[in-house]
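Asks: I need the structure of the sequence given here:
(one chain, ligands or ions: 2)
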Amino acid sequence: MIEAASFPVKPFTKMVGGSRKVHPIVVRWTSPFCWKMEKTLHLMRVRCRNTEFLFQKNGGKTFQFRCCNDGKYDSKGFDGSVGMKKKLAVFVSGGGSNFRSIHEATLQGFINGEVTALVTDKPGCGGAKYAAENGIPLLIFPKTKSSIDGLSQLELVSSLRKLKVDFVLLAGYLKLIPNELVRAFPKSILNIHPSLLPAFGGKGFFGLKVHQAVIESGARYSGPTIHYVDEHYDTGRILAQRTVPVLSSDTAEQLAKRILHEEHQLYVEVVAALCEERVIWREDGVPLIRSKDNPNEYS
Ligand SMILES: Nc1nc2c(c(=O)[nH]1)N[C@@H](CN(C=O)c1ccc(C(=O)N[C@@H](CCC(=O)O)C(=O)O)cc1)CN2
Ligand SMILES: NCC(=O)N[C@@H]1O[C@H](COP(=O)([O-])[O-])[C@@H](O)[C@H]1O
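Replies: Residues are numbered from 1 along each chain as shown. Ligands and ions are numbered 1, 2, ... in the order given. Below you'll find the predicted structure:
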């Protein structure tokens, strides 16, 4: 549901020529899966009978709305004109809430991409169940004695190539990504980790163990990190972080819940930037994200 607009809502019944004036429009996305995004976009309005089209001036997305009288719009979603949708493979080992957030954001049009495969080492996990319910192809990796239908490293790379995957997104995947895959997808594999790397990362640091270590250290802040994946656990180039306060009374579960909420929004924003090719690499090798609203701003 996309709601609210900053320009006056007037019902209109006849074709009106396109307005070339650009309006700052507050556009809010709320997904059924509780994440909320709000952005002020500078859009042109074109009225056509009882439908209002909002265009991003730079030839970006086209937003199609049915005009209502109460200041809200029903979105028919985007017919994205920002170029071909990027193909995403998501790797999960557990509940898959980050996977769900990303998938929903692709359905809402917030991410100019589509999830073309779910890869997991745990075929019975929550992420695998969600994939099955949503018709997303499931790949098992790695091949083990208990997962005989699992793929080998070369089979996994070949499968992702056949699916024309552009980006690989790790979201609670608990196995080491092999060098073959890292090299096959240079600057195209991201991971989300629930601490402010480089602190509290590396082998043995996953799930509640991360939050327990943060609490025991006395750190006053923690938060999610999204980074590129290299051959080692959690040592790749950092792309985005958010800070979350650590309360003196926090249990690992309470801190995990607070950080997970930020993860859902941060990963969606970062993947949206990735799919709109707004990630650039500074001369010293640090990746930056170009702001959607102000092309001169980077973070
Ligand atoms: N090549 C890479 N592979 C993976 C990375 C990475 O940065 N580079 N990130 C991890 C995700 N992760 C932290 O964000 C992480 C996951 C798991 C472990 C870990 O210690 N795993 C245990 C096995 C756990 C299990 O099987 O239940 C281990 O290796 O002994 C550390 C960090 C995903 N892959
Ligand atoms: N080191 C890896 C690690 O700990 N990843 C963490 O696993 C959780 C997965 O949750 P989800 O399955 O609900 O997205 C997330 O908090 C993610 O940061």
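Asks: Just the mean pLDDT for stretch 246-258, thanks.
Replies: What stretch 246-258 shows for mean pLDDT is 98.
Asks: any residues touching that stretch, and which ones?
Replies: Stretch 246-258 has contacts (C-beta atoms under 8 Å, 6 or more residues apart in numbering) with 194, 207-208, 211-212, 214-215, 219-222, 244. No exception for glycine: its C-beta is placed from N, CA and C like everyone else's.
Asks: nearest to residue 173, of those?
Replies: Nearest to residue 173 out of the contacts of stretch 246-258 is residue 207 (C-beta to C-beta; 11.6 Å).
Asks: surely residue 233 meets residue 203?
Replies: Yes - look at residue 233 against residue 203 with C-beta atoms under 8 Å: they come within range, at 5.3 Å.
Asks: Which pair of the contacts of stretch 246-258 spans the longest distance?
Replies: Pairwise distances across the contacts of stretch 246-258 peak at 21.7 Å for 207 and 220 (criterion: C-beta to C-beta).
Asks: Residue 131: what's its closest spatial neighbour, skipping adjacent residues?
Replies: The spatially closest residue to residue 131, leaving aside those adjacent along the chain, is residue 118, at 3.7 Å (C-beta to C-beta, 6 or more residues apart in numbering).
Asks: Look at that neighbour and give its secondary structure.
Replies: Secondary structure, DSSP: H, G, I helix; E, B strand; the rest coil: residue 118 is strand.
Asks: ok, it touching residue 93?
Replies: No - Residue 118 is beyond contact range of residue 93, at 11.1 Å (criterion: C-beta under 8 Å).
Asks: For residue 207 and residue 220, indicate the residue with more neighbours.
Replies: residue 207 (14 against 11; other C-beta atoms under 10 Å).
Asks: With distance to ligand 2 as extra columns, can I get the contacts of stretch 246-258 in a markdown table?
Replies: Output for the contacts of stretch 246-258, formatted as a markdown table (distance: C-beta to the nearest ligand atom, whole Å):
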| residue | distance to ligand 2 |
| --- | --- |
| 194 | 4 |
| 207 | 5 |
| 208 | 9 |
| 211 | 9 |
| 212 | 12 |
| 214 | 12 |
| 215 | 15 |
| 219 | 16 |
| 220 | 20 |
| 221 | 16 |
| 222 | 11 |
| 244 | 12 |
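Asks: So how do I select the buried members of these in PyMOL?
Replies: A single PyMOL command selects the buried members of the contacts of stretch 246-258 (16 or more other C-beta atoms under 10 Å):
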select buried, resi 194+211+212+214+215+222+244
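Asks: and residue 24, what pLDDT?
Replies: We note a pLDDT of 67 for residue 24 in this prediction.
Asks: ugh, wrong one, residue 144
Replies: 87.
Asks: Now residue 102: which helix or strand?
Replies: Take DSSP states H and E as the rule and residue 102 turns out to sit in helix 97-108.
Asks: still on that earlier bit, can you pick out the residue with more neighbours from residue 233 and residue 203?
Replies: Legend: neighbour count by other C-beta under 10 Å for residue 233 and residue 203, higher for residue 233 (17 against 9).
Asks: ok, that one - contacts?
Replies: By C-beta under 8 Å, 6+ apart, the residues touching residue 233 are 176, 201-203, 205.
Asks: Restricted to helices, list those residues.
Replies: Using DSSP state H, no member of the contacts of residue 233 sits in helices.
Asks: Can I get those residues in CSV including pLDDT and distance to ligand 1?
Replies: Formatted as CSV, those follow (pLDDT from 0 to 100; distance: C-beta to the nearest ligand atom, whole Å):
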residue, pLDDT, distance to ligand 1
176, 98, 5
201, 98, 6
202, 98, 7
203, 98, 4
205, 98, 6
